[in-house]
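S.K.: output the structure for:
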Amino acid sequence: MPTSELLRDHPAAWERATRHPFLLGVRDGTLPAGAFDTWLVQDHHYVGDLLRFQARLLARAPRPAQAVLSGGAVALVEELAWFEELAGRRGLDLGVPRLPATAAYAALLERLDAADVPAAVTALWAIERVYLDAWTVAAPGAPEYEGYVAHWTAPGFAGYVDALAAAADALGGRHDDVLREVLDAEVAFWDTAWDAA
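M.R.: Numbering: from 1, shown residues only. So this is what the prediction gives:
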């Protein structure tokens, strides 16, 4: 089933994941103090988990999907370095433990390691598409967040998401259950930073 149909068939869940109060707070500058830094630290953990998942997926993916997966893995390595630079500038401790939602997302990625390749690629597309759409909702962001929002909505990232959709579509299958799990994990991840603040 085309990824566009998954988007069409789950509008309420997609909206919950992309119009969270955290994102609206980034957009209008009302995010509670500390929430963004909490999210940054937890997202650093998450990106490391995603890189491990994506590297394993690359190793078992069919040849046509490998270029987009390898490019995405390289981008995640660069993203981790960027987070480390941010942490230094913002005085954040990246060694703090994962919060429960972060650990649950890591567990979802581990389960996806056992999924067939079409389901796993669709999940990766959903992860990246919901992230792009979420930060697009937050755009342009309040002045203190504008640079971050621009980073996560860059045209190159949008192109990568489109390439993942094409890879998922080429592999086929109907993966509503995977999409729902990803969207639930995203909502919980926004909630955890919001609630921690």
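
S.K.: where are the low-confidence patches of this structure?
M.R.: For the chain, applying pLDDT under 70 flags the ranges 1.

S.K.: tell me which stretches of this structure form helices.
M.R.: Applying DSSP state H to the chain gives helices spanning 3-9, 11-18, 21-28, 35-60, 63-90, 100-113, 117-138, 146-152, 155-171, 176-196.

S.K.: would you list those in CSV and tack on mean neighbour count?
M.R.: C-betas here are computed from N, CA, C, even on glycine. What follows is these, written out as CSV (neighbours: other CB atoms under 10 Å):
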stretch, mean neighbour count
helix 3-9, 15
helix 11-18, 16
helix 21-28, 19
helix 35-60, 19
helix 63-90, 15
helix 100-113, 17
helix 117-138, 23
helix 146-152, 14
helix 155-171, 17
helix 176-196, 19
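
S.K.: so R60 is in contact with V117, correct?
M.R.: Yes - using CB atoms under 8 Å, R60 is in contact with V117, at 6.1 Å.

S.K.: kindly export stretch 33-40 (C-alpha atoms) in PDB.
M.R.: Below are the C-alpha coordinates for stretch 33-40, written out as PDB (Å, rounded to 0.1, in the frame of the first residue of the first chain):
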ATOM      1  CA  ALA A  33      11.300  26.200  30.800                       C
ATOM      2  CA  GLY A  34      13.500  23.200  30.500                       C
ATOM      3  CA  ALA A  35      11.300  21.200  28.200                       C
ATOM      4  CA  PHE A  36      13.400  21.900  25.100                       C
ATOM      5  CA  ASP A  37      16.600  20.800  26.800                       C
ATOM      6  CA  THR A  38      15.000  17.700  28.200                       C
ATOM      7  CA  TRP A  39      13.800  16.900  24.700                       C
ATOM      8  CA  LEU A  40      17.300  17.500  23.200                       C
END
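
S.K.: give me the contact list for that stretch.
M.R.: Contacts of stretch 33-40 with the rest of the structure, by CB atoms under 8 Å, 6 or more residues apart in numbering, involve 22, 25-26, 83, 86-87, 90, 92, 99, 145, 190, 192-194, 196-197.
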